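K.L.:
sequence first, then the predicted structure:
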Amino acid sequence: MNKQWISVIIAACFEVGWVIGLKHATSVLEWIGTAIAIFISFYLLIKAGEHLPVGTVYAIFVGLGTAGTVCADSLLFGEPWKLAKIICIVVLLAGVVGLKLVTGEPKEQEVSE
């Protein structure tokens with residue numbers, strides 16, 4: 001796994017943070033943290049998209065962010081788990097893994113003299 005894919009995973013983690021912040025932020029400091037998380041998330045996403053297929057990057061970013069947000073909502077805020085929700089998350093993550101597996105690694109551009 002190269003550093004661009006690691007950036008996508010980190011960006012998805014920050015996505016979870018800013019989505020939770022949009023719902024639960026109540027103070028100026030929490031809103032500032034949410035804004036910083038949005039910036040970091042999209043900065044990392046854009047940088048990864050410069051080196052990887054942007055459609056795959058975005059799909060993986062959104063899939064991981066969605067699964068992470070649902071899990072965080074249940075773990076941190078007591079949202080009940082339902083079998084259908086768990087099945088959907090597993091299917092979503094299977095799709096994310098599948099996209100990653102079928103997407104080739106970027107080839108280094110050869111510099112011609």
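P.N.:
Done, it's in.

K.L.:
going by C-alpha atoms from here, please, whenever you check contacts or count neighbours.
P.N.:
Fine.

K.L.:
touching, I40 and F14? I think so.
P.N.:
Yes - with contacts counted by Cα atoms under 8 Å, I40 reaches F14, the gap being 7.0 Å.

K.L.:
between the two, which is the more surrounded one?
P.N.:
Set I40 next to F14 and count neighbours by other Cα atoms under 10 Å: F14 wins out with 23 against 18.

K.L.:
ok, that one to K85 distance?
P.N.:
Distance, F14 to K85, using Cα to Cα, to the nearest Å: 22 Å.

K.L.:
what do you get for Y58?
P.N.:
22 Å.

K.L.:
settle it for me: which of those two has more neighbours?
P.N.:
Taking neighbours as other Cα under 10 Å, Y58 and K85 compare with Y58 leading, 17 against 14.

K.L.:
can you pull the pLDDT of the nearest residue to that one once chain neighbours are set aside?
P.N.:
Counting by Cα to Cα, 6 or more residues apart in numbering, L45 is the residue found nearest to Y58 once chain neighbours are left out, at 7.6 Å. Looking at L45, its pLDDT is 95.

K.L.:
quick check: which ranges of this structure have low pLDDT?
P.N.:
Along the chain, the model assigns pLDDT under 70 to residues 1, 104-113.

K.L.:
ranges for the helices of it?
P.N.:
Taking DSSP state H, the helices of the chain run over residues 3-24, 28-49, 54-77, 83-102.

K.L.:
now the angle between helix 83-102 and the third one, please.
P.N.:
Using axes from the mean of the first three to the mean of the last three Cα atoms, to 10 degrees, the direction of helix 54-77 lies 150 degrees away from that of helix 83-102.

K.L.:
what helices or strands is helix 54-77 leaning on?
P.N.:
Counting by 3 or more Cα pairs under 8 Å, 6 or more residues apart in numbering; DSSP states H and E, the packing neighbours recorded for helix 54-77 are helix 3-24, helix 28-49, helix 83-102.

K.L.:
out of these, which gets nearest to T66?
P.N.:
Closest to T66 of the helices and strands packed on helix 54-77 is helix 3-24 (Cα to Cα; 7.5 Å).
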